[in-house]
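Visitor: A structural model of the following input is requested.
(3 chains)
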Amino acid sequence: MRSKVLLFLVSYLSWCLLTWVPDWQHLVVGIFVSAFVVFIIGDLFISGKHLSRYPIRCWYFAACYVPVLIWECIKANFDVAYRVIHPRLPIKPGIVRVKTTLKTDTALTFLANSITLTPGTMSVDIDREKGVLYIHWINIQATDIEGATKTIVKRFEEILGKIFE
Amino acid sequence: MKMARWILGTVILAGIGVWIIFRPIPFLFHHNLPNVGFFGRTLFILIVACFMCLYRIAKGPTSADRIVSTDILGIMLVGLCSILTVTTHRSWYIDIGIAWALQSFISTLALAKFLEGKDFDE
Amino acid sequence: MNEIIGLILISVGLAFDLLGCLGLIRLPDVYNRLQAATKCVTLGTCSILFGTFLVVGVTTPGIKALLCLFFLVLTTPVSAHALARGAHRSGIKLWEGSVVDQYAEDKEGEA
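Guide: Reported below is the predicted structural model:
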């Protein structure tokens, strides 16, 4: 039931943004369209139960997380630009494995997306039973599992664990 | 040999840049737009980047290269639609951009599934 | 003032788009190309969309540009991840100058 209500709110909000300059005709039609979407795929939009337990704390840590992500993303772009322009291509690529302690689906998805947007790393695959991520790294600094984990995952894992678990 | 290729590419890119900067471009614009020259050069730089993607599509050794550059071309066309929205004052270009972004995401997922060598209904 | 900041953001986005496509041409491998192109082109296009929002203000195309930016940030890393996994499963080797491939080692151990 909570999944259906959340999906209704999200789709109604996106309808209002798509038909901006709000008008009563657009708002009424949007109610019908959102109800139709909920009628079709209402059960698939799974909501996390943890989000409703400590809502204020979750939003506080999310507000801490977004500036970190944007700063890492800008750093990543300058790093890639330097490697592309340099005449001798200073790259040393390879695929390493790192460990993670997160368990939830949402947390793992956000961790993989953050790793893809940060400097020099891109997630290739996830093994959920062992808790192992495979990461393509454009300039390898450590091939053992502890060093790679310390360099790549640590800066996001703590804050994501506080948000989602 | 590598150094010579790097110098050749730099010279070609610098030539294209100089040609873009010194060429007047009066087309496709709303008559009230203040920065006509800036937006014209913007469009030409994006078109040069799209041609780089087309080169990788034509040359790419494996099929994965072609799929990657098709995806990147789709993302850049979203930016092109956004700039066309500013220059022509028609708001439906950005609608094309949103639809293109979502459709390109779904088609890329389907192509990745095809590359993996499985059936589509898994 | 908003318009000047928007024009500067559009210029920065163009530069990053061009660098991403240069990486698509220069780098030697599917995975490296995917990395460079995905990061640079994502931030470049998001910067262009935000510059568009600043130039046109809170109007219909401005709000739609913000929505498009949100979709792009959500969907691009997912498609890059799917493409890298599909390329590795389909048997494309890494570049010969690369150091380790622990994913292939684990796959060999399972099979």
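
Visitor: what's the closest non-adjacent residue to residue C:35?
Guide: residue A:122 (4.9 Å; Cβ to Cβ, 6 or more residues apart in numbering or on different chains). Heads up, the C-betas are built off the backbone N, CA and C, glycines and all.

Visitor: now do residue A:4
Guide: Distance criterion Cβ to Cβ, 6+ apart; nearest residue to residue A:4, sequence neighbours excluded, is residue A:42 at 4.2 Å.

Visitor: cool, residue B:43 as well?
Guide: With Cβ to Cβ, 6+ apart as the measure, residue B:83 is the residue that lies nearest to residue B:43, at 6.4 Å, once sequence neighbours are left out.

Visitor: How about the contacts made by that neighbour?
Guide: Applying Cβ atoms under 8 Å, 6 or more residues apart in numbering or on different chains, we find residue B:83 in contact with B:39, B:42, B:43, B:46, C:10, C:48, C:52.

Visitor: Not counting residues beside it along the chain, what's closest to residue A:57?
Guide: Distances taken as Cβ to Cβ, 6+ apart place residue A:162 nearest to residue A:57, at 7.9 Å, with adjacent residues excluded.

Visitor: about what we covered before: filter the contacts of residue B:83 down to the ones in helices?
Guide: Secondary structure of those is defined by DSSP state H; positions in helices are B:39, B:42, B:43, B:46, C:10, C:48, C:52.

Visitor: So the fifth one sits against residue C:48, correct?
Guide: Yes: between residue C:10 and residue C:48 there is a contact at 5.5 Å, judged by Cβ atoms under 8 Å.

Visitor: Tell me where the model's unsure across chain B.
Guide: Across chain B, the stretches falling below the confidence threshold (pLDDT under 70) are B:24-34, B:118-122.

Visitor: circling back to that earlier point, now for the contacts of residue B:83, which sits with the most neighbours around it?
Guide: Comparing the contacts of residue B:83 by number of neighbours (other Cβ atoms under 10 Å in any protein chain shown), residue C:48 comes first, having 31 neighbours.

Visitor: Assess the claim that it and residue C:8 are in contact.
Guide: No: taking Cβ under 8 Å as the definition, residue C:48 is not a contact partner of residue C:8, at 11.6 Å.

Visitor: mind listing what's buried in stretch B:15-25?
Guide: Of the residues in stretch B:15-25, those buried by neighbour count under the rule 16 or more other Cβ atoms under 10 Å in any protein chain shown are residue B:20.

Visitor: can you check stretch A:95-110 too?
Guide: Using 16+ other Cβ under 10 Å as the burial criterion, the residues of stretch A:95-110 that qualify are A:95, A:96, A:97, A:98, A:100, A:102, A:106, A:107, A:108, A:109, A:110.

Visitor: Find the centremost residue of chain C, please.
Guide: residue C:38 (2.1 Å; Cα atoms, centre = their mean).

Visitor: and what of chain A?
Guide: Taking Cα atoms, centre = their mean, the centroid of chain A lies closest to residue A:110, which sits 2.6 Å from it.

Visitor: That one: what's it in contact with?
Guide: The contact partners of residue A:110, taken as Cβ under 8 Å, 6+ apart, are A:160, A:164.

Visitor: Residue numbers of chain B in contact with chain A?
Guide: Chain B has residues B:2, B:3, B:6 near chain A, with proximity defined as Cβ under 8 Å from any Cβ of the partner chain.
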